[in-house]
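Participant: Take this sequence and fold it.
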Amino acid sequence: MAVGLGLSIGTVNTVSALAEEGSAKAPPGHRKKQCSQAITRRTTLTFDSTGSARVGMIPRHGRAIVEFADLTQRSIMRARVRHRPLSRANLVATVADCVIREVLDDHPSCSAGVGIALTHPAGYSGEQVGELRAALDAADLTTVALVAEPIAAATWLEADRGPLMPGLALVYDLGGTSLDVTLVRVGAGRPHNPIVGEPLRSTEFGGRAFGALVAERAGRGLPSSSVAEAVTEAAADELRRDLVKESLQLVYRCLRIADVTMADVDCVLVVGGAARPVEVAQVLAAELARPVLIAPDPERTVADGAAIIGRRAAAAAEAQSDQRDGSARRRAVTRALVLSRRTKRRWTRVAVLAVLALTGVGMSVAVPGDGVIVGLSQVG
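Facilitator: So this is what the prediction gives:
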């Protein structure tokens, strides 16, 4: 059975999802249920004295490497492990390698035929995607596919809510450190690259931006332990609504660049860990007047979509392998039949020659001696 492993490595958290298709046949008109297991880890790296890396650890003594997953950051960040410099892309590849090894160790039955996909922000330039690809290849992760985050999210949408009619989906990705807005084509006939227009990102929105706003409204000079007490839950919800409303400027800008309006958008897909509070989807539904779709845990949507992409790739590879094996078996059977026919013809020739030889001997015995001599003299 084909299995897919999806990885979403964000600035704050790393999510891994393992997807496999249910073995039971789905009823007519229904899709097979996608069985998925997801694990969330902190996006941190620690290295021991031997240079071995661990993900998600924050040691009491020593240092952990953080804030490295975003390749768009202008600051040049290089870690050094055992005198070996590691760039941001190298650190992301290291996280991917550690998580893949951990997941496959926990699920040894999946290691043979697993398809792996790693997501990245859609706003990455070709150079940044190439840098990440080179880092994965250097870490011996050549089979890991790279997929843009909104494409992975749209794949989850199609698998969970599909089949979808051809149209446009607005992916609203509210993460820990930023908001990403992307238009994606969905449904039958979508192109290989379904992104429409230009993906947009803003660091003015997200989990950290909301935390900073709460701290500011609570009052300057308050210790962090007192901020939560100074702001009531109702006030925090209202602040979140205001922040989501302000983020709509990024949505409308994305629409203008693609030369479309909200009337052209069929649905809004909300993903990201900071999108968990219900106020986020409520404000978007009220302000945009379009259907808003959100998974039970929006933080894992992108990783789940990547896992589905990986599973499909693994299934296609299995089918191709089975086809090659079937062709090889058919060639072997054909070869065996041809050989058996050739062998049969050879044995037939041998039998005929043997009969002729015996017949010739008999004739030479029956013919008088003068006849034999005459025949030989004629031959001579």
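Participant: ok, I116 - contacts?
Facilitator: I116 sits next to G4, L5, G6, L7, I100, L141, T143, V144, A145, G310 when contact means CB atoms under 8 Å, 6 or more residues apart in numbering. Backbone N, C-alpha and C define where each C-beta goes, glycine included.
Participant: Which of the residues you listed fall within helices?
Facilitator: Among the contacts of I116, the members falling in helices (DSSP state H) are I100, G310.
Participant: Let me know the closest of the contacts of I116 to S202.
Facilitator: Taking CB to CB as the measure, S202 lies nearest L7 of the contacts of I116, at 24.2 Å.
Participant: For that closest one, give me the pLDDT.
Facilitator: On pLDDT, L7 comes in at 98.
Participant: number of nearby residues for it?
Facilitator: By the measure other CB atoms under 10 Å, the count of residues near L7 is 26.
Participant: list the helices and strands the helix or strand in which V214 is found packs on?
Facilitator: Assigned by DSSP states H and E, V214 belongs to helix 207-218. Applying 3 or more CB pairs under 8 Å, 6 or more residues apart in numbering; DSSP states H and E, we find helix 207-218 packed against helix 224-230, helix 233-258.
Participant: For F210, find the nearest of these.
Facilitator: Shortest distance between F210 and the helices and strands packed on helix 207-218, using CB to CB, is found for helix 233-258: 5.8 Å.
Participant: Show me what counts as buried in that closest one.
Facilitator: A236, L239, R240, R241, L243, V244, S247, L250, V251, C254, L255, A258 (16 or more other CB atoms under 10 Å).
Participant: ok now do the first one, which residues does it touch?
Facilitator: The contact partners of A236, by CB under 8 Å, 6+ apart, come to V214.
Participant: Same check on G113?
Facilitator: Going by CB under 8 Å, 6+ apart, G113 touches M1, A2, V3, A314, A317, E318.
Participant: how about a cut-off of 10 Å?
Facilitator: The contact partners of G113, by CB atoms under 10 Å, 6 or more residues apart in numbering, come to M1, A2, V3, G4, R311, A314, A315, A317, E318, S321.
Participant: just A38 next, same as before
Facilitator: A38 sits next to 6, 8, 15-19, 297, 299-301, 303-304, 307 when contact means CB under 10 Å, 6+ apart.
Participant: ok, of those residues, which one's closest to G51?
Facilitator: For the contacts of A38, the nearest to G51 is S16 (22.7 Å; CB to CB).
Participant: shaky segments in this structure?
Facilitator: By pLDDT under 70, the low-scoring segments of the chain are 21-36, 75-78, 82, 111-112, 219-231, 321-380.
Participant: quick one, helices of it?
Facilitator: So, for the chain - with DSSP H - the helices run 88-106, 126-138, 149-161, 207-218, 224-230, 233-258, 278-288, 301-366, 369-379.
Participant: R74: how many residues sit nearby?
Facilitator: Neighbours of R74 under the rule other CB under 10 Å: 4.
Participant: Now, of the contacts of A38, which are buried?
Facilitator: Among the contacts of A38, the ones that count as buried by 16+ other CB under 10 Å are 6, 8, 15-19, 299-301, 303-304, 307.
Participant: Now the phi/psi pair for E67, please.
Facilitator: Per-residue torsions, E67: phi 60, psi 40 (degrees, to the nearest 10).
Participant: Verify the stated contact: it with T177.
Facilitator: Yes. Using CB atoms under 10 Å as the test, E67 is close enough to T177 to be in contact (8.8 Å).
Participant: The two: which is more packed in?
Facilitator: More crowded of E67 and T177, by other CB under 10 Å: T177, with 18 against 14.
Participant: Which residue is the nearest non-sequential neighbour of the more buried one?
Facilitator: Nearest residue to T177, sequence neighbours excluded (CB to CB, 6 or more residues apart in numbering): T11, at 4.7 Å.
Participant: L91 is in contact with the one you found, correct?
Facilitator: No. Using CB under 10 Å, T11 is not in contact with L91, being 11.7 Å away.
Participant: okay, and the common contacts of the two?
Facilitator: T43, V66, F68, A69.
Participant: Emit the PyMOL select command for whichever of the residues you listed are buried.
Facilitator: Buried residues within those, by 16+ other CB under 10 Å, are selected in PyMOL with:
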select buried, resi 43+68+69
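Participant: among the shared contacts of T11 and L91, which two are most distant?
Facilitator: Across the shared contacts of T11 and L91, the longest distance by CB to CB is 9.0 Å; it joins V66 and A69.
Participant: Overlap of the contact sets of the two?
Facilitator: T11, V12, T43, L91.
Participant: for the nearest residue to the second one once chain neighbours are set aside, what are its contacts?
Facilitator: So the one you mean is V12. Nearest non-adjacent residue to V12, counting by CB to CB, 6+ apart: G176, 3.5 Å away. Neighbouring residues of G176 by CB under 10 Å, 6+ apart: 10-13, 43, 206-211, 272-274, 299.
Participant: what's the most distant pair in those?
Facilitator: Comparing all pairs in those by CB to CB, the longest separation belongs to T43 and F210, at 19.0 Å.
Participant: that older thread, nearest to S49, of the helices and strands packed on helix 207-218?
Facilitator: helix 224-230 (33.8 Å).
Participant: sorry, back to before: what count of nearby residues applies to the residue nearest to T177?
Facilitator: Burial of T11 is recorded as 18 neighbouring residues (other CB under 10 Å).
Participant: For it, what are phi and psi?
Facilitator: According to degrees, to the nearest 10, T11 has phi -60, psi -40.
Participant: Nearest to M165 among the buried residues of helix 233-258?
Facilitator: Distances from M165 to those, taken by CB to CB, are shortest for A258, at 18.9 Å.
Participant: Find the nearest non-adjacent residue to that closest one, please.
Facilitator: Computed as CB to CB, 6+ apart, the closest residue to A258 that is not its neighbour in sequence is G197, at 2.9 Å.
Participant: Let me know whether the one you found touches D259 as I believe.
Facilitator: Yes. Counting by CB under 10 Å, G197 does reach D259; the two are 7.6 Å apart.
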